[in-house]
Structure formats: C-alpha cells, structure tokens
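Colleague: Quick one: sequence and predicted model below, then my questions.
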Amino acid sequence: MRFRSLLAGLALAFALPAHAQATKDADPALWVVKDDDTTIYLFGTVHVLKPGLSWFDEAVAKAFEGSDELVLEMVEPDQAAMGTLVMNLAVNPTGPSLTDKLPEDKRAAYAKALADLGMPAAALDRFDPWFAAVTLSVAGLPKLGYDPAQGAEAVLTAAAKAANKKIAGLETPEQQLGFFDSLAEPLQVKFLVSTIDDFPKMGSELDAMVTSWAAGDPETLAAKINEGMRETPEIAKVLLSDRNARWAEWIEKRMAQPGNVFVAVGAGHLAGKDSVQAWLAKRKLTAKRIHY
C-alpha cells in the first residue's frame with residue numbers, strides 16, 4: 001500500500017462500528033529519546049486496523065500512561081472542516097477531466113476500481129489526481145474489514161481525551177493535504193496510476209503490513225509502505241524525507257523542555273535510511289528501541 005501513512009484524516013470518514021471478537025496479541029515497535037528531564041517516546045502507527053488486535057498494552061500503554069502529552073501527525077478536524085478543505089484544494093471545475101489526464105491504458109482499470117466502490121466512472125473527474133488516489137486508497141477499506149476507528153491514532157486520541165492529556169499535531173490538516181496538492185500534476189498522475197495498479201491487491205498488501213507491524217518488524221513494514229517511493233524520488237522527498245527531517249527538528253527543540261511526550265506517527269516514518277531516527281542521529285540524538 002503506497003503513501004498510506006498520510007491518509008489518516010480522510011480514512012476516518014469511512015469508519016465502521018467495531019464488533020466484539022477474540023483478541024490477538026500485537027507488539028508494535030516503540031522507541032525512546034531521553035535526557036535528564038525529558039522523555040519522548042516514538043511509536044509507529046498503522047492508521048486503519050481490523051478489530052481484535054491487542055496492541056495498546058504492555059510497554060506501549062506504560063509509555064502512553066507515563067506521558068503528559070500525545071503528539072500526532074495532525075489533530076483530526078471534524079468531517080465538515082475536512083470536507084471544506086478538500087473542496088478548496090482538490091476541485092477543478094474547468095479544464096480536462098481527470099479521466100482524460102490518465103494514460104489511456106489505465107482508464108479501464110480506473111473505471112473498474114470506481115465501480116467496485118459503487119461510484120460512477122466520472123465521479124471524480126473534477127478532482128485532482130491526488131484526491132482520486134486517496135479516495136481509491138481509503139474508500140474500500142471497510143469492505144476489507146478494516147476500521148479506521150480501530151486505527152492507532154483514533155484509539156490513542158480517545159485515550160488521551162479520557163485522561164485529559166494535551167493533544168498536539170506536528171502538522172495541520174492544511175499542511176498534510178497541501179503536500180499532495182503541491183505535487184506537480186505529472187507526479188500526481190503517477191501517484192494515481194500507482195494506486196490503480198495496487199487497487200486489486202490492496203487487501204493482501206495491507207494484511208502483510210499489519211502483520212509486520214504487529215510483530216514489531218519496522219524494517220519489513222517500512223519496505224512495504226515505502227516501496228513506491230523508490231519509483232518516484234521526488235514524491236519520497238516531499239512526503240517522507242523532508243517531513244521526517246522537520247519532525248526530528250521538532251523533537252530536538254522539544255528536548256529542551258522537561259516532561260514526557262508520546263509521539264505517534266505512521267510506522268513508515270520510523271524505519272529506513274531517511275527515518276526520523278536517522279535524522280535525529282544527525283542531530284546527535286539517539287532513539288533507543290524499547291524491547292518488550
């Protein structure tokens with residue numbers, strides 16, 4: 001599943017109610033950066049999960065409970081605000097249709113993907129390619145059994161609110177969607193074509209990602225999440241490397257203030273040569289893996 005780590009906000013619009021079922025233990029990766037008076041935990045998330053995974057326990061729960069603040073990629077706006085933001089950024093009332101912008105040999109597969117989601121072939125013709133890619137990536141998740149309300153961000157946010165913890169975002173919704181919208185149109189079309197190609201195997205790819213995440217195997221997970229980045233390094237720079245560098249800078253500045261902080265970001269940001277930890281190392285900060 002490519003570029004999955006930026007889709008949390010829109011994915012929540014497709015949440016389904018959870019159903020009680022037997023739980024399966026999961027032990028996702030957790031790191032810590034600390035000095036004498038500041039502790040910052042780094043937790044890699046998957047934004048949508050199936051009910052039944054027991055991950056918010058053991059070391060993860062202990063780190064969260066011992067933290068004063070939850071920091072996410074962004075604080076989720078309400079659906080009305082998100083809808084307004086999408087309309088302001090993603091709609092193109094004039095000019096060539098989205099279908100016309102696609103390579104001819106991808107149009108049939110695109111129409112089939114929309115049909116599988118119960119949408120007409122021209123449903124997204126007045127939207128940017130990036131928004132069509134996001135829509136294809138998230139709209140079918142409930143049919144596959146994935147529930148964004150079970151995703152790590154949603155669970156952590158609810159727990160933080162219940163405990164009256166401060167909740168902050170590393171980015172705003174405008175910034176997150178702006179990363180997509182700022183991509184040159186040819187790159188957006190590449191993103192959409194990649195998503196169309198991946199659509200038939202979306203369920204199996206996401207299952208594999210969650211398996212790696214639950215096993216605490218960040219490198220395998222990151223390789224799956226970031227696979228498409230290697231094909232388009234321009235997109236990788238905007239959506240991955242540059243953001244990780246900014247987050248490392250934020251962490252370095254936050255280390256100057258005392259307190260405990262639980263930072264939860266997409267797991268793809270916490271593995272690989274451009275990970276947040278790699279950028280922290282360049283700032284002489286060590287993120288130590290917590291094994292549990």
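Modeller: Good, I have the coordinates.
Colleague: What helix or strand is residue 260 located in?
Modeller: Per DSSP states H and E, residue 260 falls inside strand 259-266.
Colleague: Which SSE is immediately downstream of that strand?
Modeller: helix 276-282.
Colleague: Show me the contact partners of that next one.
Modeller: Identification of contacts with helix 276-282 by Cβ atoms under 8 Å, 6 or more residues apart in numbering yields 31, 33, 42, 244-245, 247-249, 251-252, 265, 269-270, 272, 286-287. C-beta here means a position set from N, CA and C on the backbone, and glycine is covered the same way.
Colleague: Where is pLDDT lowest across those?
Modeller: In terms of pLDDT, residue 272 ranks lowest among the contacts of helix 276-282, with 85.
Colleague: show me the contacts for it.
Modeller: Listed by Cβ under 8 Å, 6+ apart, the contact set of residue 272 reads 219, 222, 223, 226, 278.
Colleague: so which strand or helix has the second one?
Modeller: What it means is residue 222. helix 218-225.
Colleague: how far does that helix sit from the chain's center?
Modeller: 13 Å (Cα atoms, centre = their mean, to the nearest Å).
Colleague: And that helix, what does it pack against?
Modeller: helix 202-214 (3 or more Cβ pairs under 8 Å, 6 or more residues apart in numbering; DSSP states H and E).
Colleague: how far does the helix it packs on sit from the chain's center?
Modeller: Counting by Cα atoms, centre = their mean, helix 202-214 is centred 14 Å from the centre of its parent chain.
Colleague: tell me the angle that helix makes with helix 218-225.
Modeller: Counting by axes from the mean of the first three to the mean of the last three Cα atoms, to 10 degrees, helix 202-214 points 160 degrees away from the direction of helix 218-225.
Colleague: So what's the predicted local confidence for residue 160?
Modeller: Looking at residue 160, its pLDDT reads 98.
Colleague: who's in contact with it?
Modeller: If you count contacts by Cβ under 8 Å, 6+ apart, residue 160 has them with 70, 166, 167.
Colleague: now with 10 Å?
Modeller: 64, 67, 69, 70, 71, 72, 166, 167, 262, 264 (Cβ atoms under 10 Å, 6 or more residues apart in numbering).
Colleague: Of those residues, which qualify as buried by neighbour count?
Modeller: For the contacts of residue 160, a burial check counting by 16 or more other Cβ atoms under 10 Å picks out 64, 67, 69, 70, 71, 72, 262, 264.
Colleague: Contacts only, for the closest residue in space to residue 210 that isn't next to it in sequence.
Modeller: Closest residue to residue 210 apart from its sequence neighbours, by Cβ to Cβ, 6 or more residues apart in numbering: residue 46 at 5.8 Å. Counting by Cβ under 10 Å, 6+ apart, residue 46 touches 1, 4-5, 8, 26, 28, 53, 55, 146, 150-153, 206, 209-210, 212-214, 221, 225, 266-268.
Colleague: that older thread, most neighbours among the contacts of residue 272, which one is it?
Modeller: The most crowded member of the contacts of residue 272, judged by other Cβ atoms under 10 Å, is residue 222 (26 neighbours).
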